[in-house]
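Trainee: generate coordinates for the sequence data below:
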Amino acid sequence: MKFFSIIIPTYNSVGTIKNCIKTLQQQTFTDFEILVMDGSSTDDTRVIVEGINDDRIYFFSEEDQGVYDAMNKGIQIADAKWLFFLGSDDLLYNEDVLADMSKILNKTSAKFVYGNVKIVGDTSWAKNGEVYKGETSIADLLTSNICHQCIFYSKEIFEHKLYNIQYKVLADHDFNIYCASRYQMHYVPIIVSFFNAGGISSRLKDIGFEQDKWSNTVVYFKNKLLDKSLYKYRYELKKTIVFFLKQSKFNLAFTALKAYSFFKLSRFL
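Mentor: Residues are numbered from 1 along each chain as shown. Got it, this is the predicted structure:
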C-alpha cells in the first residue's frame, strides 16, 4: 500500500496535464501513485499521459458523469492510506509539499488534514495571488468551502461515503460538510498547491447543492447542531423543519426544531 493516492480527473486536458504531473514527479517524497481518471477525452490527453515514463502513473479512460464521478472511480481503485485530489490544471506548490505533509500525517490522529492553496486567476471569493484561506471553523465551512486541492483524506472516510454526483459543481463542499460532522479537522499552515481559478467551481453555481445544503447539514450533524457557533444559521435550519415534515421525516424535523429552539433560547443566556 502506498502512502498517497493522487487522483487527477481529466477531460481534454492536453494543455495542462503534463505540467500537473511534472510537479508530482519533482516531489522529494516518492511513495505515491498517480491515478489519472479520464472521461474519454477526444484530444491527446491519453497520448501525453501514457508517454510519460513513470510506473507510478495509471491511466483510466471511460465515459463518466462529471468530475466527481471520475473522483469516485479513482477512490474505488486507490491503494493508499491517504487520498489527495488535484485538478489537471493545478500544480503542487513546491517539491517538498508531500514530504512535509507526510510528516504531519504520520503524527496526527485526524482523518481530514488541510492546508492552503495559492490562487491563480480571479474568482468571486478570492483574487489572483491570494493564499486561501487559513484555518476554517465548522461554522465558516457551512458557507465557505475548503479547496480539495489542499485536503488530505484518510482512505477510511470513503468507506462510509463517496461524492454525491448529483451535485455537479459543489459535491466536494457537500462532502466536506459531511466530514466536519464526523471527523476531526486538522489545519496545517502549509501552501499545498496552486489552485487554477478556471475550474467549474469558480465559474458555475450548483443550484441542487444550494437547495439541499441545510437539510443535508441537519442529516449529517443531527444533535451536533447544538453549538452556539452555528447561531447565525438558525433561520436556515428553521426552514428545514417544514421540509422534513412534508417528507414525513419527523425525527429530522424534531432535530431541526430542537436546534432552532436552542439558538432562540441562547439569545437570553
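Trainee: ranges for the helices of the stretch 151-269 of the chain?
Mentor: Using DSSP state H, counting those that start in this stretch, the helices found in the stretch 151-269 of the chain span residues 171-182, 200-203, 207-221, 234-246, 250-266.
Trainee: and among these, the most buried is which?
Mentor: Most buried of the helices of the stretch 151-269 of the chain, by mean neighbour count (mean count of other CB atoms under 10 Å): helix 171-182, with a mean of 21. Yep, even glycine has a C-beta here, placed from its N, CA and C like the rest.
Trainee: ok and that helix relative to helix 207-221, angle-wise?
Mentor: Relative orientation of helix 171-182 versus helix 207-221 (axes from the mean of the first three to the mean of the last three CA atoms, to 10 degrees): 10 degrees.
Trainee: i'd like the first residue to be 3 from this point on
Mentor: New numbering, starting at 3: the last item is helix 173-184.
Trainee: pipe the helices of the stretch 153-271 of the chain into TSV and attach distance to M103 per row.
Mentor: Formatted as TSV, the helices of the stretch 153-271 of the chain follow (distance: least, CB to CB, whole Å):
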stretch	distance to M103
helix 173-184	17
helix 202-205	22
helix 209-223	26
helix 236-248	34
helix 252-268	35
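Trainee: going by mean pLDDT, which of those comes out lowest?
Mentor: The weakest mean pLDDT among the helices of the stretch 153-271 of the chain belongs to helix 202-205, with a mean of 60.
Trainee: domains of the protein?
Mentor: 4-207, 226-268 (automatic domain parsing).
Trainee: tell me which of those domains lies nearest to V220.
Mentor: For those, the distance to V220 is smallest for domain 226-268, at 5.0 Å, taking CB to CB.
Trainee: end to end on that closest one, go ahead and measure it.
Mentor: Taking CA to CA, to the nearest Å, the first and last residues of domain 226-268 lie 15 Å apart.
Trainee: which residues does K240 contact?
Mentor: The contact partners of K240, taken as CB atoms under 8 Å, 6 or more residues apart in numbering, are 258, 262.
Trainee: I'd like the distance between it and K266.
Mentor: K240 sits 9 Å away from K266, going by CB to CB, to the nearest Å.
Trainee: repeat that for S111.
Mentor: S111 sits at a distance of 36 Å from K266 (criterion: CB to CB).
Trainee: C152 too?
Mentor: Here C152 is placed at a distance of 36 Å from K266 (CB to CB).
Trainee: do the same with D176
Mentor: For D176 relative to K266 (CB to CB), the value is 27 Å.
Trainee: repeat for N96
Mentor: As judged by CB to CB, N96 and K266 stand 49 Å apart.
Trainee: and for D208?
Mentor: Using CB to CB, we find D208 at a distance of 30 Å from K266.
Trainee: do the same with Q186
Mentor: Applying CB to CB to Q186 and K266 gives a distance of 29 Å.
Trainee: before we move on, what SS does N55 have?
Mentor: Three-state call for N55 (DSSP: H, G, I helix; E, B strand; the rest coil): coil.
Trainee: how many neighbours does it have?
Mentor: N55 has 7 neighbouring residues, counting by other CB atoms under 10 Å.
Trainee: what's the answer for the one 5 residues further on, then?
Mentor: Using other CB under 10 Å, Y60 has 16 other residues around it.
Trainee: that one belongs to a strand?
Mentor: Yes - per three-state DSSP, Y60 lies within a strand segment.
Trainee: who does it bridge with?
Mentor: Beta-bridge pairing for Y60 (DSSP bridges): L37.
Trainee: need the longest strand for the chain.
Mentor: Ranked by residue count under DSSP state E, the longest strand found in the chain is strand 187-198.
Trainee: that one vs helix 173-184, what angle?
Mentor: If you take the same axes, to 10 degrees, strand 187-198 sits at 170 degrees to helix 173-184.
Trainee: out of the helices of the stretch 153-271 of the chain, which gets nearest to F34?
Mentor: That would be helix 173-184 among these, by CB to CB, at 20.5 Å.
Trainee: hmm, who's touching that closest one?
Mentor: Against helix 173-184 from outside (CB under 8 Å, 6+ apart): 70, 87, 113-114, 140, 143-144, 147-148, 150, 153, 155, 159, 162-163, 165-167, 169, 187, 203, 208, 211, 214-215, 218-219, 222-224, 226.
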